[in-house]
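1. Test case, fold it:
(one chain, ligands or ions: 2)
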Amino acid sequence: MPLALDLKEEILVLKKARNAVILAHNYQIGEIQDVADYVGDSLGLAYHAKATEADVIVFCGVHFMAETAKIVNPGKIVVLPDADAGCSLEQSCPAPELEAFLKANAEKNYYVIAYINCSGGVKALCDVICTSGNAVKIVNLAPADRPILFVPDENLGAWVMEQTGRKMDLWKGNCYVHVEFTRDSINRIKSEYPDALVVAHPECTQAVRLLADEVCSTEKMISYCRHASVKDIIVVTESGMLHRLRKECPDKNLIAGPTDRCACADCRYMKMNTLENLRDCLDTLQPRVEMEESLRARAELPLLRMLEQSK
Ligand code: 13P
Ligand code: SF4
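-> Ligands and ions are numbered 1, 2, ... in the order given. Below you'll find the model as predicted:
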(Lines give C-alpha, C1' and ligand atoms only; values in the text may rest on other atoms or scores of the structure.)
(Ligands and ions follow the chains in the order given, each with its own letter.)
Protein backbone atom coordinates (compact mmCIF):
# COMPACT_ATOMS: atom_id res chain seq x y z
CA MET A 1 0.00 0.00 0.00
CA PRO A 2 2.06 2.98 -1.23
CA LEU A 3 -0.22 5.49 0.56
CA ALA A 4 0.48 3.96 3.97
CA LEU A 5 4.17 3.81 3.13
CA ASP A 6 4.21 7.53 2.25
CA LEU A 7 2.47 8.32 5.49
CA LYS A 8 5.00 6.31 7.42
CA GLU A 9 7.87 8.16 5.74
CA GLU A 10 6.18 11.50 6.40
CA ILE A 11 5.91 10.59 10.08
CA LEU A 12 9.58 9.68 10.29
CA VAL A 13 10.64 12.93 8.56
CA LEU A 14 8.43 15.04 10.83
CA LYS A 15 9.64 13.14 13.88
CA LYS A 16 13.22 14.06 13.06
CA ALA A 17 12.38 17.69 12.26
CA ARG A 18 10.53 18.07 15.59
CA ASN A 19 13.13 16.14 17.59
CA ALA A 20 10.22 14.03 18.80
CA VAL A 21 9.98 10.61 20.37
CA ILE A 22 6.97 8.38 19.62
CA LEU A 23 5.83 6.31 22.60
CA ALA A 24 3.11 3.75 21.93
CA HIS A 25 1.06 1.48 24.15
CA ASN A 26 0.83 -2.25 23.39
CA TYR A 27 -2.82 -1.79 22.31
CA GLN A 28 -2.07 0.59 19.45
CA ILE A 29 -2.70 -0.54 15.88
CA GLY A 30 0.23 -2.43 14.36
CA GLU A 31 1.17 0.38 11.96
CA ILE A 32 1.64 2.79 14.87
CA GLN A 33 3.61 0.26 16.91
CA ASP A 34 5.90 -0.18 13.89
CA VAL A 35 6.84 3.53 13.68
CA ALA A 36 7.18 4.01 17.45
CA ASP A 37 10.51 4.43 19.25
CA TYR A 38 9.21 2.48 22.22
CA VAL A 39 6.18 0.21 22.64
CA GLY A 40 5.21 -1.00 26.10
CA ASP A 41 2.85 -1.06 29.06
CA SER A 42 1.86 1.91 31.23
CA LEU A 43 4.83 1.44 33.53
CA GLY A 44 7.47 1.22 30.81
CA LEU A 45 5.90 4.18 29.05
CA ALA A 46 5.99 6.29 32.22
CA TYR A 47 9.70 5.55 32.71
CA HIS A 48 10.46 6.35 29.07
CA ALA A 49 8.43 9.57 29.18
CA LYS A 50 10.41 10.70 32.21
CA ALA A 51 13.80 9.79 30.77
CA THR A 52 13.49 11.11 27.22
CA GLU A 53 15.70 13.92 25.99
CA ALA A 54 13.55 14.63 22.93
CA ASP A 55 11.81 18.05 22.72
CA VAL A 56 8.42 16.55 21.91
CA ILE A 57 6.70 13.44 23.26
CA VAL A 58 4.10 12.04 20.89
CA PHE A 59 2.00 9.73 22.99
CA CYS A 60 0.08 7.06 21.10
CA GLY A 61 -2.19 5.63 23.75
CA VAL A 62 -5.03 7.23 25.67
CA HIS A 63 -5.27 10.64 27.31
CA PHE A 64 -4.34 9.65 30.88
CA MET A 65 -1.09 8.14 29.56
CA ALA A 66 -0.14 11.32 27.70
CA GLU A 67 -1.10 13.35 30.77
CA THR A 68 1.16 11.13 32.90
CA ALA A 69 4.03 11.92 30.51
CA LYS A 70 3.40 15.65 30.98
CA ILE A 71 3.24 15.25 34.77
CA VAL A 72 6.61 13.49 35.01
CA ASN A 73 8.34 15.54 32.28
CA PRO A 74 6.69 18.98 32.27
CA GLY A 75 9.37 20.72 30.22
CA LYS A 76 8.42 18.76 27.10
CA ILE A 77 5.70 19.41 24.56
CA VAL A 78 3.36 16.41 24.88
CA VAL A 79 0.93 15.73 22.06
CA LEU A 80 -1.46 12.88 21.34
CA PRO A 81 -3.12 12.01 18.03
CA ASP A 82 -6.71 12.24 19.36
CA ALA A 83 -7.54 14.25 22.47
CA ASP A 84 -10.82 12.31 22.86
CA ALA A 85 -9.04 9.00 23.46
CA GLY A 86 -10.35 8.46 26.99
CA CYS A 87 -10.69 5.42 29.24
CA SER A 88 -13.74 3.95 30.97
CA LEU A 89 -11.71 3.52 34.16
CA GLU A 90 -10.75 7.18 34.20
CA GLN A 91 -14.40 8.14 33.62
CA SER A 92 -15.58 5.94 36.48
CA CYS A 93 -13.76 8.02 39.08
CA PRO A 94 -14.19 11.79 38.67
CA ALA A 95 -11.85 13.76 40.96
CA PRO A 96 -14.67 15.74 42.67
CA GLU A 97 -16.40 12.45 43.61
CA LEU A 98 -13.22 11.00 45.06
CA GLU A 99 -12.54 14.23 46.94
CA ALA A 100 -16.07 14.21 48.41
CA PHE A 101 -15.72 10.54 49.40
CA LEU A 102 -12.39 11.20 51.14
CA LYS A 103 -13.89 14.19 52.98
CA ALA A 104 -16.91 12.18 54.09
CA ASN A 105 -14.61 9.40 55.34
CA ALA A 106 -11.82 11.60 56.73
CA GLU A 107 -11.81 9.71 60.06
CA LYS A 108 -10.58 6.57 58.23
CA ASN A 109 -7.33 8.27 57.22
CA TYR A 110 -7.16 6.20 54.03
CA TYR A 111 -3.88 5.49 52.28
CA VAL A 112 -5.11 6.04 48.72
CA ILE A 113 -3.62 3.95 45.92
CA ALA A 114 -4.69 4.89 42.40
CA TYR A 115 -4.29 2.70 39.37
CA ILE A 116 -2.57 4.89 36.76
CA ASN A 117 -5.75 4.72 34.59
CA CYS A 118 -7.18 7.89 36.16
CA SER A 119 -7.08 11.66 35.63
CA GLY A 120 -4.40 14.03 36.89
CA GLY A 121 -7.04 15.38 39.31
CA VAL A 122 -7.42 11.92 40.88
CA LYS A 123 -3.66 11.37 40.97
CA ALA A 124 -3.33 14.64 42.88
CA LEU A 125 -5.60 13.23 45.64
CA CYS A 126 -3.63 10.00 46.09
CA ASP A 127 -0.66 8.78 48.12
CA VAL A 128 0.80 6.54 45.45
CA ILE A 129 0.06 5.35 41.92
CA CYS A 130 0.39 1.82 40.60
CA THR A 131 0.12 0.07 37.26
CA SER A 132 -0.91 -3.50 36.56
CA GLY A 133 2.83 -4.28 36.35
CA ASN A 134 3.70 -3.18 39.89
CA ALA A 135 0.39 -3.14 41.81
CA VAL A 136 1.31 -6.11 44.02
CA LYS A 137 4.63 -4.52 44.96
CA ILE A 138 3.08 -1.10 45.65
CA VAL A 139 0.32 -2.56 47.84
CA ASN A 140 2.85 -4.64 49.76
CA LEU A 141 4.76 -1.43 50.51
CA ALA A 142 1.70 0.44 51.83
CA PRO A 143 1.84 1.41 55.54
CA ALA A 144 0.53 -1.54 57.59
CA ASP A 145 -1.30 0.69 60.07
CA ARG A 146 -3.58 2.48 57.57
CA PRO A 147 -6.65 1.26 55.69
CA ILE A 148 -6.23 1.29 51.90
CA LEU A 149 -8.64 2.77 49.41
CA PHE A 150 -7.89 1.42 45.91
CA VAL A 151 -9.27 3.39 42.93
CA PRO A 152 -10.69 3.11 40.28
CA ASP A 153 -10.51 -0.57 39.12
CA GLU A 154 -12.42 -3.02 41.31
CA ASN A 155 -11.11 -6.01 39.30
CA LEU A 156 -7.43 -5.13 39.49
CA GLY A 157 -8.01 -4.25 43.16
CA ALA A 158 -9.64 -7.63 43.88
CA TRP A 159 -6.78 -9.46 42.14
CA VAL A 160 -4.19 -7.53 44.18
CA MET A 161 -6.06 -8.43 47.39
CA GLU A 162 -5.88 -12.11 46.37
CA GLN A 163 -2.14 -11.79 45.68
CA THR A 164 -1.16 -9.83 48.78
CA GLY A 165 -3.73 -10.89 51.36
CA ARG A 166 -4.11 -7.18 52.14
CA LYS A 167 -7.68 -6.00 52.62
CA MET A 168 -8.61 -2.88 50.64
CA ASP A 169 -11.73 -0.83 50.05
CA LEU A 170 -12.37 -0.79 46.30
CA TRP A 171 -13.81 1.96 44.12
CA LYS A 172 -16.50 0.53 41.82
CA GLY A 173 -14.92 1.17 38.42
CA ASN A 174 -13.98 -1.18 35.62
CA CYS A 175 -12.59 -1.42 32.12
CA TYR A 176 -15.45 -1.78 29.69
CA VAL A 177 -13.23 -3.90 27.38
CA HIS A 178 -11.93 -6.45 29.87
CA VAL A 179 -15.29 -7.07 31.58
CA GLU A 180 -16.62 -8.27 28.21
CA PHE A 181 -14.63 -11.51 28.53
CA THR A 182 -16.75 -14.11 30.32
CA ARG A 183 -16.28 -17.56 31.81
CA ASP A 184 -18.31 -18.97 28.89
CA SER A 185 -16.40 -17.15 26.15
CA ILE A 186 -13.04 -18.27 27.55
CA ASN A 187 -14.19 -21.83 28.21
CA ARG A 188 -15.42 -22.05 24.61
CA ILE A 189 -12.03 -21.09 23.16
CA LYS A 190 -10.25 -23.35 25.66
CA SER A 191 -12.26 -26.29 24.38
CA GLU A 192 -11.08 -25.49 20.83
CA TYR A 193 -7.45 -25.45 21.99
CA PRO A 194 -7.30 -28.00 24.81
CA ASP A 195 -3.50 -27.75 25.18
CA ALA A 196 -3.39 -23.97 25.26
CA LEU A 197 -2.22 -21.88 28.17
CA VAL A 198 -4.31 -18.81 29.07
CA VAL A 199 -2.81 -15.45 29.97
CA ALA A 200 -5.19 -12.72 31.14
CA HIS A 201 -4.96 -9.07 32.18
CA PRO A 202 -5.89 -8.34 35.83
CA GLU A 203 -8.63 -5.96 34.65
CA CYS A 204 -10.66 -9.11 33.80
CA THR A 205 -13.31 -10.30 36.23
CA GLN A 206 -12.49 -12.96 38.81
CA ALA A 207 -14.53 -15.57 36.86
CA VAL A 208 -12.12 -15.10 33.93
CA ARG A 209 -8.96 -14.72 36.01
CA LEU A 210 -9.70 -18.10 37.60
CA LEU A 211 -9.44 -19.72 34.16
CA ALA A 212 -6.02 -18.17 33.48
CA ASP A 213 -2.64 -19.85 33.94
CA GLU A 214 -1.09 -16.42 34.36
CA VAL A 215 -2.51 -12.98 35.19
CA CYS A 216 -0.22 -10.06 34.38
CA SER A 217 0.38 -6.68 32.75
CA THR A 218 0.68 -6.39 28.98
CA GLU A 219 4.48 -6.16 29.18
CA LYS A 220 4.79 -9.29 31.30
CA MET A 221 2.64 -11.11 28.72
CA ILE A 222 5.57 -10.82 26.31
CA SER A 223 8.02 -12.70 28.53
CA TYR A 224 5.33 -15.16 29.66
CA CYS A 225 4.53 -16.12 26.05
CA ARG A 226 8.20 -16.15 25.01
CA HIS A 227 9.11 -18.64 27.74
CA ALA A 228 5.92 -20.74 27.65
CA SER A 229 6.53 -24.43 27.02
CA VAL A 230 3.49 -24.86 24.74
CA LYS A 231 2.71 -23.41 21.29
CA ASP A 232 -0.93 -22.37 21.75
CA ILE A 233 -1.58 -19.43 24.06
CA ILE A 234 -4.93 -17.70 24.53
CA VAL A 235 -4.39 -14.01 25.21
CA VAL A 236 -7.22 -12.43 27.18
CA THR A 237 -6.79 -8.71 26.70
CA GLU A 238 -7.28 -5.99 24.09
CA SER A 239 -6.58 -7.12 20.52
CA GLY A 240 -3.65 -4.74 19.83
CA MET A 241 -1.51 -6.90 22.10
CA LEU A 242 -1.44 -9.64 19.47
CA HIS A 243 0.61 -7.54 17.04
CA ARG A 244 3.58 -7.17 19.36
CA LEU A 245 3.27 -10.71 20.71
CA ARG A 246 3.31 -12.18 17.20
CA LYS A 247 6.39 -10.12 16.34
CA GLU A 248 8.28 -11.06 19.49
CA CYS A 249 7.15 -14.68 19.80
CA PRO A 250 7.00 -15.90 16.17
CA ASP A 251 7.17 -19.56 17.19
CA LYS A 252 3.92 -19.34 19.20
CA ASN A 253 0.30 -19.65 18.09
CA LEU A 254 -1.23 -16.62 19.79
CA ILE A 255 -5.01 -16.75 19.97
CA ALA A 256 -7.12 -13.69 20.80
CA GLY A 257 -9.43 -14.25 23.77
CA PRO A 258 -13.02 -13.86 22.49
CA THR A 259 -15.99 -12.18 24.19
CA ASP A 260 -19.58 -13.46 23.96
CA ARG A 261 -20.14 -11.11 21.01
CA CYS A 262 -16.80 -10.89 19.17
CA ALA A 263 -13.77 -12.96 18.22
CA CYS A 264 -11.56 -10.42 20.03
CA ALA A 265 -11.93 -7.24 22.10
CA ASP A 266 -11.01 -3.75 20.86
CA CYS A 267 -10.71 -0.63 23.01
CA ARG A 268 -12.46 2.08 21.01
CA TYR A 269 -10.32 4.75 22.69
CA MET A 270 -7.00 3.09 21.86
CA LYS A 271 -8.21 2.67 18.29
CA MET A 272 -8.90 6.41 17.81
CA ASN A 273 -5.24 6.86 16.93
CA THR A 274 -4.38 6.33 13.27
CA LEU A 275 -1.30 6.95 11.13
CA GLU A 276 -3.15 10.00 9.72
CA ASN A 277 -3.80 11.75 13.03
CA LEU A 278 -0.34 10.74 14.26
CA ARG A 279 1.14 12.53 11.23
CA ASP A 280 -1.13 15.56 11.82
CA CYS A 281 -0.19 15.92 15.48
CA LEU A 282 3.50 15.79 14.61
CA ASP A 283 2.89 18.43 11.98
CA THR A 284 0.80 20.86 14.07
CA LEU A 285 2.03 19.87 17.54
CA GLN A 286 -1.65 19.73 18.53
CA PRO A 287 -3.63 18.55 20.46
CA ARG A 288 -1.29 19.29 23.32
CA VAL A 289 -1.52 18.20 26.95
CA GLU A 290 -1.43 21.25 29.21
CA MET A 291 -1.85 21.25 32.98
CA GLU A 292 -2.11 23.90 35.61
CA GLU A 293 1.24 23.80 37.48
CA SER A 294 -0.04 23.36 41.05
CA LEU A 295 -2.21 20.40 39.98
CA ARG A 296 0.66 18.89 38.00
CA ALA A 297 3.02 19.20 40.96
CA ARG A 298 0.51 17.49 43.30
CA ALA A 299 -0.06 14.68 40.78
CA GLU A 300 3.69 14.23 40.33
CA LEU A 301 4.38 13.24 43.96
CA PRO A 302 2.46 9.92 43.96
CA LEU A 303 3.82 9.12 40.48
CA LEU A 304 7.42 9.68 41.60
CA ARG A 305 6.75 7.55 44.68
CA MET A 306 5.58 4.77 42.38
CA LEU A 307 8.61 5.05 40.08
CA GLU A 308 10.89 4.96 43.12
CA GLN A 309 9.08 2.02 44.78
CA SER A 310 8.91 -0.12 41.65
CA LYS A 311 12.62 0.07 40.77
P1 13P B 1 -0.89 -2.22 31.02
O2 13P B 1 -0.22 -1.23 31.90
O3 13P B 1 -0.82 -3.62 31.53
O4 13P B 1 -0.37 -2.12 29.62
O5 13P B 1 -2.46 -1.89 30.97
C6 13P B 1 -2.97 -0.67 30.50
C7 13P B 1 -4.39 -0.73 30.16
O8 13P B 1 -5.01 0.26 29.84
C9 13P B 1 -5.05 -2.00 30.20
O10 13P B 1 -6.35 -1.88 29.75
FE1 SF4 C 1 -9.09 2.09 29.54
FE2 SF4 C 1 -9.90 -0.41 29.18
FE3 SF4 C 1 -9.19 1.03 27.07
FE4 SF4 C 1 -7.32 0.17 28.87
S5 SF4 C 1 -8.59 -1.09 27.50
S6 SF4 C 1 -7.49 2.23 27.97
S7 SF4 C 1 -8.49 0.31 30.76
S8 SF4 C 1 -10.94 1.45 28.43
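2. list the contacts for residue 108?
-> When contacts are counted by C-beta atoms under 8 Å, 6 or more residues apart in numbering, residue 108 touches 147, 149. Quick note: C-beta positions are derived from backbone N, CA and C, even for glycine.
3. mind checking how far it is from ligand 2?
-> Distance, residue 108 to ligand 2, using C-beta to the nearest ligand atom, to the nearest Å: 27 Å.
4. Equivalent analysis for residue 295, please.
-> 21 Å.
5. which SSE is that residue in?
-> helix 293-309 (DSSP states H and E).
6. Next, see if that helix gets close to ligand 1.
-> No: Helix 293-309 is not in contact with ligand 1 by C-beta under 6 Å from any ligand atom; minimum separation 12.2 Å.
7. same question, stretch 32-49
-> Yes: Stretch 32-49 reaches ligand 1 (C-beta under 6 Å from any ligand atom) through 41, 42.
8. Buried residues in stretch 187-199, which are they?
-> For stretch 187-199, a neighbour-count test (16 or more other C-beta atoms under 10 Å) marks 189, 190, 193, 196, 197, 198, 199 as buried.
9. So what does residue 265 look like in phi/psi?
-> Main-chain torsions, residue 265, degrees, to the nearest 10: phi -120, psi 130.
10. same thing with residue 128?
-> Dihedral angles for residue 128 - degrees, to the nearest 10 - are phi -150, psi 150.
11. where do the strands sit along the stretch 1-150 of the chain?
-> 20-25, 38-40, 56-60, 77-79, 111-115, 128-130, 148-151 (DSSP state E, counting those that start in this stretch).
12. Identify the residues contacting the third one?
-> Contacts to strand 56-60, defined as C-beta under 8 Å, 6+ apart, come from residues 15, 18-25, 28, 32, 36, 45, 49, 65-66, 69-70, 73, 76-81, 273, 278, 281-282, 285, 289.
13. Of those, keep whichever come out buried.
-> Among these, the ones that count as buried (16+ other C-beta under 10 Å) are 15, 18, 20-25, 28, 32, 36, 45, 49, 65-66, 69-70, 73, 76-81, 273, 278, 281-282, 285, 289.
14. just checking, which of those belong to helices?
-> 15, 18, 32, 45, 49, 65, 66, 69, 70, 278, 281, 282 (DSSP state H).
15. give the contact list for the first one.
-> For residue 15, the residues meeting the contact criterion (C-beta under 8 Å, 6+ apart) are 21, 22, 35, 58, 282.
16. I'd say the second one and residue 33 touch.
-> What that stands for is residue 22. No: using C-beta atoms under 8 Å, residue 22 is not in contact with residue 33; the gap is 9.7 Å.
17. Contact residues of the stretch 51-200 of the chain facing ligand 2?
-> 62, 87, 88, 89, 117, 175, 176, 177.
18. mind redoing it with 8 Å?
-> Within the stretch 51-200 of the chain, the positions adjacent to ligand 2 are 61-62, 64, 86-90, 117, 153, 175-178 by C-beta under 8 Å from any ligand atom.
19. now, which of those residues lie close to ligand 1?
-> Applying C-beta under 8 Å from any ligand atom to these, those adjacent to ligand 1 are 61, 62, 87, 89, 117, 175, 177, 178.
20. number of nearby residues for the fifth one?
-> Neighbour count of residue 117, defined by other C-beta atoms under 10 Å: 28.
21. Pull out the buried positions in stretch 303-311.
-> Those would be 303, 305, 306, 307, 309, 310, for stretch 303-311 by 16+ other C-beta under 10 Å.
22. will you turn the residues you listed into TSV that also has pLDDT and distance to ligand 2?
-> Formatted as TSV, these follow (pLDDT from 0 to 100; distance: C-beta to the nearest ligand atom, whole Å):
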residue	pLDDT	distance to ligand 2
303	98	18
305	98	22
306	98	17
307	97	20
309	97	22
310	93	19
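23. picking that back up, what's the closest of the contacts of residue 15 to ligand 1?
-> residue 22 (16.7 Å; C-beta to the nearest ligand atom).
24. ok, what's across the strand from the closest one?
-> residue 58 (DSSP bridges).
25. Let me see the contact set for it.
-> Going by C-beta under 8 Å, 6+ apart, the list of residues near residue 22 reads 11, 15, 32, 35, 36, 37, 38, 58, 60, 278.
26. was I right about the last one contacting residue 82?
-> Think residue 278. No: contact criterion C-beta under 8 Å: residue 278 and residue 82 do not qualify, at 9.3 Å.
27. tell me the contacts of whichever residue of the stretch 1-150 of the chain sits closest to ligand 2?
-> Going by C-beta to the nearest ligand atom, ligand 2 is nearest to residue 87 of the stretch 1-150 of the chain, at 3.2 Å. Residue 87 is in contact with 62, 63, 64, 117, 175, 269, counting by C-beta under 8 Å, 6+ apart.
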